[in-house]
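In: predicted structure and sequence below. I'll ask about it afterward.
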Amino acid sequence: MDILFSKDQIAERTAELGREITAFYTGKELTVIVLMNGGAFFGCDLARAIDLPLWFDSLRAASYVNDTRSGEVALASALKLDPAGREILLVDDVFDSGETVKKCREHLLALGAAGVRCAVLINKRVPGRQSEPEWAGFTAPDRYLVGFGLDSNELYRNLPCIGAM
């Protein structure tokens, strides 16, 4: 495995993102919704780095089956908080095709969210993609990544760094 981003690099970049997001949302009420399971580690750290009162929820979304992009995005859980009227920061581990974020954004807007923006830990360089996240921790090549929430068949999420298999 090639280590792409260390624990210290992740912590430093997450703190920077927290400051950027704080500045953007100052004066607004913010709800952070983390996409599970991959976004759990980054989502918790990022929420703590945002220096604003905020609401916190999670949504289970899946686009991979056995380490392969399925081409479908399944929403497998409900939110605890009603998104209607809320400014939402959607947090995920990796932005590759953009389809998971797109489907989740559409779902939240259909439920009446006032606005939905996205922060991801990793923005992969994927040719032909139609959208970009508003905030990204790192840019990485289109390789299979694990660690800090990213997995291979649900393993390696707990690695403190991000590596390429």
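Out: Happy to help now that I have it. Everything numeric here is computed off the predicted structure, so don't read it as measured data. Numbers count the residues shown, from 1 in each chain.

In: from now on I want contacts and neighbour counts done on CA atoms only, so please keep to that.
Out: Fine.

In: what does stretch 156-165 contact?
Out: For stretch 156-165, the surrounding residues in contact (Cα atoms under 8 Å, 6 or more residues apart in numbering) are 1-7, 10, 38, 143-151.

In: give me the buried subset of those.
Out: Among these, those classed as buried by 16 or more other Cα atoms under 10 Å are F5, I10, G38, L145, V146, G147, F148, G149, L150, D151.

In: could you pull out the strands in the protein for me?
Out: Using DSSP state E, the strands of the chain run over residues 2-5, 30-36, 54-65, 68-75, 87-95, 115-124, 135-140, 145-146, 162-164.

In: H107: which of those is closest?
Out: strand 68-75 (9.3 Å; Cα to Cα).

In: now that closest one: average pLDDT?
Out: For strand 68-75, mean pLDDT rounds to 64.

In: which secondary structure element of this structure has the lowest mean pLDDT?
Out: Between all helices and strands in the chain, the lowest mean by mean pLDDT, DSSP states H and E belongs to strand 68-75, at a mean of 64.

In: picking up where we left off before, need the buried ones among the contacts of stretch 156-165 in JSON lines with pLDDT, can you?
Out: Converted to JSON lines, these look like this (pLDDT from 0 to 100):
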{"residue": "F5", "pLDDT": "98"}
{"residue": "I10", "pLDDT": "98"}
{"residue": "G38", "pLDDT": "92"}
{"residue": "L145", "pLDDT": "95"}
{"residue": "V146", "pLDDT": "97"}
{"residue": "G147", "pLDDT": "97"}
{"residue": "F148", "pLDDT": "97"}
{"residue": "G149", "pLDDT": "95"}
{"residue": "L150", "pLDDT": "95"}
{"residue": "D151", "pLDDT": "93"}
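
In: tell me the buried residues in the longest helix seen in the chain?
Out: If you go by DSSP state H, the chain has its longest helix at helix 7-25. Across helix 7-25, burial judged by 16+ other Cα under 10 Å covers I10, A11, R13, T14, A15, E16, L17, G18, I21, T22.
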